[in-house]
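Colleague: Prediction below, plus the sequence it came from.
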Amino acid sequence: MAKKQEIKTKAKKSNLKITEKGRVYVSATFNNTLVTFTNENGDTVAWSSAGAAGFKGARKSTPFAATTAVEKAAAKVIEKGIKVVDVYIKGPGSGRDAALRAIKSAGLSISLIADLTPIPHNGPRAEKRRRI
């Protein structure tokens, strides 16, 4: 008879320095909203997304999905001791404002809001106009 093998998993030892201050990076695309909480050095403390929160398809791009993703990640961060955050928002998605409201309602105080959305300074040549 074959013996059952026991799989031992090592618990991750995190040596992250976590203070009361941190950063939140919100990437709101047209299809999803990604939220990453980091410490002051930029090391990831917790993250979540609308997809990881259980939404699929078109519902991932809704403001409610963004709110759920932020609440899920914020709960982990508050547990670890972060209280004040700088918020960096990127992208044109509908989860932008909802994410900000969710961060505030989760009990974190916001000290800075910055928009990092890339805007081309004229960029490449535009596509040919569509004729119907």
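Modeller: Structure received.

Colleague: Please make it C-alpha for all contacts and neighbour counts, starting now.
Modeller: Fine.

Colleague: got any ranges where the chain has weak pLDDT?
Modeller: 1-4, 10-14 (pLDDT under 70).

Colleague: What segments of it are strands?
Modeller: 21-28, 33-38, 44-49, 84-90, 109-115 (DSSP state E).

Colleague: Would you mind getting the angle between the third one and strand 33-38?
Modeller: Using axes from the mean of the first three to the mean of the last three CA atoms, to 10 degrees, the interaxial angle of strand 44-49 with respect to strand 33-38 works out to 170 degrees.

Colleague: buried residues in strand 44-49?
Modeller: 45, 46, 47, 48, 49 (16 or more other CA atoms under 10 Å).

Colleague: The last one and residue 110, how far apart?
Modeller: So that's residue 49. 20 Å (CA to CA, to the nearest Å).

Colleague: By residue count, tell me the biggest helix in this protein.
Modeller: In terms of residue count, the longest helix belonging to the chain (DSSP state H) is helix 63-80.

Colleague: Kindly export that helix (C-alpha atoms) in CSV.
Modeller: C-alpha atoms of helix 63-80 as CSV (Å, rounded to 0.1, in the frame of the first residue of the first chain):
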residue,chain,number,x,y,z
PRO,A,63,-18.1,50.8,-8.1
PHE,A,64,-19.6,48.3,-5.6
ALA,A,65,-16.9,45.7,-6.6
ALA,A,66,-14.2,48.4,-6.0
THR,A,67,-15.7,49.2,-2.6
THR,A,68,-15.7,45.5,-1.6
ALA,A,69,-12.1,45.0,-2.7
VAL,A,70,-10.9,48.1,-0.7
GLU,A,71,-12.8,46.9,2.4
LYS,A,72,-11.3,43.4,2.2
ALA,A,73,-7.7,44.8,1.9
ALA,A,74,-8.3,47.6,4.5
ALA,A,75,-9.4,45.1,7.1
LYS,A,76,-6.0,43.2,6.8
VAL,A,77,-4.1,46.5,7.0
ILE,A,78,-5.9,47.9,10.0
GLU,A,79,-5.2,44.6,11.8
LYS,A,80,-1.5,45.1,11.2
